[in-house]
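Chemist: Next comes the sequence, and after it the predicted model I'd like to discuss.
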Protein chains: 2
Amino acid sequence: MSHPQSIFQHTTFAPDSLLHRRRTTVSKTTLHTQLKRLRETGRYDCFKLQWHEIYADKSMWPVPFHLFWDSDIAKWIEGACYFLHDEFDAEIDTAVRELVDMIRSAQQDDGYLNVHYTVVEPGKRWTNLQDMHELYNAGHLVEAAIAHHQYYKNNLLLEPIEKYVTLIHRTFGPAENQLHGYPGHPEIELALFRLYHVTGNKDAYDLSRYFLEERGNRKGQDGQHYFEWESKQRGQSLYHRPDSYPEHASHWYCQAHQPILEQQTIEGHSVRAMYLLTAVADMICIDNQTLPSTPEWKNTLYRLWNNMVTKKMYLTGGIGAIKQWEGFGRDYFLPQSTDEGGCYAETCASIAVMMLAERLLHIELDAKFADVMELCLYNNVMTAMSLDGKAFTYVNQLGSSESDKSVREEWFWCACCPPNVTRLYGSLGGYLWDFGEESENDLFVNVHLYTKAELKFEVGAGEVTLQQDSDWPWDGYVKFRLTSPALVKTTIRLRIPGWSGDDFILEPKPSDDSVHLHKGYLTLDPSYTAANPSFSLTIGKFTPRYVAPHPYTNQHTLTLARGPLVYCIEDTDNAWEDNHFKDVGLKAGSPVREERRFVDGTEEEYIALKTSCYRRGLKLEDMGSGPGFVVGDKGLSFDDEKEGIFVPYYLRANQGGNGHMRVGLHHIQK
Amino acid sequence: MSHPQSIFQHTTFAPDSLLHRRRTTVSKTTLHTQLKRLRETGRYDCFKLQWHEIYADKSMWPVPFHLFWDSDIAKWIEGACYFLHDEFDAEIDTAVRELVDMIRSAQQDDGYLNVHYTVVEPGKRWTNLQDMHELYNAGHLVEAAIAHHQYYKNNLLLEPIEKYVTLIHRTFGPAENQLHGYPGHPEIELALFRLYHVTGNKDAYDLSRYFLEERGNRKGQDGQHYFEWESKQRGQSLYHRPDSYPEHASHWYCQAHQPILEQQTIEGHSVRAMYLLTAVADMICIDNQTLPSTPEWKNTLYRLWNNMVTKKMYLTGGIGAIKQWEGFGRDYFLPQSTDEGGCYAETCASIAVMMLAERLLHIELDAKFADVMELCLYNNVMTAMSLDGKAFTYVNQLGSSESDKSVREEWFWCACCPPNVTRLYGSLGGYLWDFGEESENDLFVNVHLYTKAELKFEVGAGEVTLQQDSDWPWDGYVKFRLTSPALVKTTIRLRIPGWSGDDFILEPKPSDDSVHLHKGYLTLDPSYTAANPSFSLTIGKFTPRYVAPHPYTNQHTLTLARGPLVYCIEDTDNAWEDNHFKDVGLKAGSPVREERRFVDGTEEEYIALKTSCYRRGLKLEDMGSGPGFVVGDKGLSFDDEKEGIFVPYYLRANQGGNGHMRVGLHHIQK
């Protein structure tokens, strides 16, 4: 049991891979530009507890502009600490030290540590757990403290944060003199379990478990739902509600409509849902270390995961169709664009899916989890940052429209996504593989993702290294080289992606039954790895394929994919298009040509795909004078053939154009 | 210029037509069962102003259960008076007289007349125009009073209602001592224009015009939007809002987000929108009688109508996709069922579309308006009542689902639809045609709908009758017979439905240019009608056709239609289906057979359609472990051929079965 945020430093990415390029960009550019934004916007010194003009801005309710500043700082610190492991950077190091000093100085005598409730609304702490992100901010401080502790090997941040955790643990719980509440925005739960894992802080475990078990209790506080009770304490009707609550008491927005164990479908704000389930998964992992956890938590987790990936996830790994609550629609409601009814697919949400998928791999090693993790990484997550590392998306639609073109922004008032990208890339090494000693001299390495990288760790008998070398995501040939001390037996499990259809070749070929495939992982027994410390895996099906969303989505689209990548089409490469590809179709099975290309003026190499597209002859906007039309009457057929050039979805909005883009084109049936 | 509610009694429906059967059912059964419901629920004597237990029920906010009782009574009186013209009915007559006595006795000294604000919240009148339906109830009382006056030829109801109108006129207006408000639920506007038309009450005209012109004014009251101002007066935050307001200040819900003239698309609650536009159309008609109205109102009306019928109307004439606000979604968002994202298509809304379309025919005689009027009548409206006249639908989805099967109910707490059906059928004769003297001895009759009926009216020179005889909606052959006094010149204009593709035959054939087609109306000049007092029109294309919604709806469905009827498929006729026809497709152009049938044990004859349906082989619910699938991998094809039996949509849920029904089946492209 380990967390990617703790083991990432065992991985060294080698140059000339896509992942290495992205990590270098974040390290050299993004961390610095984000620091600049923190300074420019006032966030940087918010823990000095001085008044900022924006604190007086009441134009938003209930969440004022500055409410997440604590977490913006915390997430930046966390990401910065991850990258400092790679390479020392004086500017970053200085900033982290200053920020930690300011955070320390902001702590109240009793341990409390929150800018808003210290500066803006003193005396009102814990009065609005539903909306005010107080525990969410605390959770990110916990994660920052762990990362800080792991890099700096001191307790300058961990010590005050653990004091804050102690206060929170004293405040919330089942006892009569405690509040029976839990965060509106889950986050602290997963942070507390990590804290427990790193420090053994049992209060952190107990508190997090309490939050999970109490959530959604209809009669938790004075016989009432906690959020309804606290609303009454504030003298606020349930109909007096944030815009994210479409109807009164829409507690599904924050997954509190019923106890977690009773929830049948994944609902509400997608980031909240994923952070929550990541904590659930981690609790199962922790509990499994002693006694196998009771099945209901795992059953619930699987039920909600399955509902999400089969009915509420986009082909790009994006989740959340609805802007109003930044979250899930009903089953199969997966429109591509604003003018089709929505598409949110927030960057943070897919990062959180990766976190959750990674935890699930510790509960059960099944490639279906890693497939989704990789899908998110190379598509919905990677598309969120520009090639230069300076601009971001918050929302990742699959189709553009006049009101929402395919573009990136330099920053957001609610700046959750950019630093989340930073910390994900920072800890990315921890997602490639996990490893451990099953017993003395009996090792395993589970390889989830392929790239160019080296894993290095110590066991009692000495140092183990595993190198992988590939041209992923472009090619399926992966060379491995294992070095380990004599006597150490090493089992290596290699993920075979679902989209490959189990088409793979292992070289040298095993001569006996020392290799077997189980739930998408090819297990190389110690006898094989001892005999073949150098071996290679070739994943097949690295050719373009046509994929489609579930028929019940009513999308009727085709999308090009290749390996782990989902492709899109942009007007910059296809200057014939001026209507967001709404009237453009593809025919399944049409031949697709590949072309290696570079993004102009960069080392960013990629494979473009070319195939025939077909455009509707007729402009459809002003068809007829009534609803619908008689089939056969109109020239609705797709008869204007064009060559279409497709690029990986992660590359969109980097090469000019007018922001017209689409992932799924109309499926023309022959 | 005339209103169907005023001229309907010039029409006599002849037996053996679908419309005659429905009107007889309403007259013999529905009026009586609805009266029974009014008595059972306490509505009947609510104007006695005594306390009812349900008044104390605070479980709904802001609209309590009894808030519309005034209008339920008013609409029933209105419908009853229409049917009393046909045939005297002692029970109905007695009830109307008693109700009118009670209403008279409920009026306050100053003219005020509203149950809720007299009994439940005295002293709070006019404090919540946005939500509390005070002016809506008043509007329905006005309509009841007009109907009552026209049948009883006395002022027992009209007199107190005009007194109430005087009070309202004094209360609302531009003067400093007046409230600059307007109803949250439009209705009174159209009622006031009808009152002006019938009585010449200029206050009624002025008040209605004021409501239309003031609506959506962002700075109408003390520099604020009226609904925001009154909300503040009540000490209520804008975030404290009804469930129908998904976000704060969602004034588009009641078409008050901007002045009507600035509105570019039809938005919000669909019944409100249609009642409002009916009033706008009527104002244009009234103004046109003196001076042609300025173009901006007509332009706005046309813009909103076109947006609605081309982008927001179902193939059945239903409008409104979204349950939460009982209204319109974005352009082209027209899912068929709850599990596809919604479908509301309220009965009242399509009745209101008929009212609006009828008004538009007075502004411009264009068959596109009458096409929509007929579409609504024979489909979304007619499907709302069971064959026995005792059960109703409120919502008319195009596809059933497990949560919302295709069934009817006996009553609704919000009982707007059943009495609306009653008054529509009561005044239906007024929708068939309109007529008038363009100058002395120069008559016209514009025929909008075909059935078996006789129109009879007096002109200075004597009596004019026009008989039409047809087997509509089954056959396009319509015989006409005109009798009119010598000297009277009669122009007859006959609608040629758009779906007929101008395929029609007039017999006798005109030998000169006395017949011409303009905007879908075939004009028979007086020379033709004088020479041919008996003539016939045969509308062609009375064969099954495949229709489809706009491609941008992302529906990809085919629907069978024939003449003015849209067809559906039900499990009762197709016992092989058990999943709401979600996996069943049609191929355009497949041959369709017709079969004349009777509903068992009734005289309800209809034409069923039979064609091949194709079902997906695979159960799709649990496909794969990730989002989407590789095209070609799965057995998604529609290869299980079944004979499908289709019935008119209006007949659904009358012949047993499990409530599985669908209008649009998957469009299988060959």
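Modeler: Received it, and whenever you're ready, just let me know what you need. Residues are numbered from 1 along each chain as shown, chains lettered A, B, ... in the order given.
Chemist: Near chain B, which residues of the stretch 451-600 of chain A? Just list them.
Modeler: A:498-499, A:545-552, A:554-556, A:558-559, A:582, A:588-589 (C-beta under 8 Å from any C-beta of the partner chain). C-betas here are computed from N, CA, C, even on glycine.
Chemist: Which ones among those map onto strands?
Modeler: A:545-548, A:558-559 (DSSP state E).
Chemist: Which of the residues of the stretch 451-600 of chain A next to chain B are buried? Put it as a ChimeraX command.
Modeler: Here is the ChimeraX selection string for the buried members of these, based on 16 or more other C-beta atoms under 10 Å in any protein chain shown:
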select /A:498,499,545,546,547,548,549,550,551,552,554,555,556,558,559,582,588
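Chemist: which bits of the stretch 1-150 of chain A sit near chain B?
Modeler: Residues of the stretch 1-150 of chain A found near chain B (C-beta under 8 Å from any C-beta) are A:61-62.
Chemist: What segments of the stretch 1-150 of chain A are strands?
Modeler: In the stretch 1-150 of chain A, the segments counted as strands under DSSP state E, counting those that start in this stretch are A:11-13.
Chemist: what's downstream of the longest helix that chain A contains, the next helix or strand?
Modeler: Counting residues, the longest helix found in chain A (DSSP state H) is helix A:270-290. Next along the chain after helix A:270-290, taking DSSP states H and E as the criterion, comes helix A:295-311.
Chemist: Give the helix, strand or coil label for the closest residue to chain B within the stretch 351-500 of chain A.
Modeler: Taking C-beta to the nearest C-beta, chain B has its nearest neighbour within the stretch 351-500 of chain A at A:Lys368, 4.1 Å off. Using DSSP: H, G, I helix; E, B strand; the rest coil, the structure places A:Lys368 in helix.
Chemist: Excluding chain neighbours, what is closest to it?
Modeler: Among residues not flanking A:Lys368 along the chain, B:Ser625 sits closest, at 4.1 Å (C-beta to C-beta, 6 or more residues apart in numbering or on different chains).
Chemist: That neighbour: how many residues sit nearby?
Modeler: Neighbours of B:Ser625 under the rule other C-beta atoms under 10 Å in any protein chain shown: 17.
Chemist: Also the one 5 residues further on?
Modeler: Summarising burial for B:Val630: neighbours were counted as other C-beta under 10 Å, giving 17.
Chemist: what sits against it?
Modeler: A:499, A:545-547 (C-beta atoms under 8 Å, 6 or more residues apart in numbering or on different chains).
Chemist: so A:Phe83 touches A:Thr25, yeah?
Modeler: No. Shown here, A:Phe83 and A:Thr25 do not form a contact pair, counting by C-beta atoms under 8 Å, at 11.2 Å.
Chemist: Contacts only, for the closest residue to chain B within the stretch 101-250 of chain A.
Modeler: Proximity of the stretch 101-250 of chain A to chain B (C-beta to the nearest C-beta) peaks at A:His240, 3.7 Å away. The contact partners of A:His240, taken as C-beta under 8 Å, 6+ apart, are A:231, B:237, B:239-241.
Chemist: got a markdown table for these, with distance to B:Pro473 too?
Modeler: Putting the contacts of A:His240 into a markdown table (distance: C-beta to C-beta, whole Å) gives the following:
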| residue | distance to B:Pro473 |
| --- | --- |
| A:Ser231 | 55 |
| B:Ser237 | 52 |
| B:Tyr239 | 50 |
| B:His240 | 49 |
| B:Arg241 | 44 |
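Chemist: re the thing from before, just give the closest residue to the residue of the stretch 101-250 of chain A closest to chain B, not the sequence neighbours.
Modeler: Closest to A:His240 by C-beta to C-beta, 6+ apart is B:His240, at 3.7 Å.
Chemist: helix, strand or coil for A:Gly601?
Modeler: coil.
Chemist: gap between it and A:Gln233?
Modeler: A:Gly601 sits 59 Å away from A:Gln233, going by C-beta to C-beta, to the nearest Å.
Chemist: now swap in A:Ser400 and tell me
Modeler: Distance from A:Ser400 to A:Gln233, by C-beta to C-beta: 45 Å.
Chemist: quick one: which of those two has more around it?
Modeler: Remark: of A:Ser400 and A:Gln233, A:Ser400 carries more neighbours, 27 against 12, as counted by other C-beta under 10 Å.
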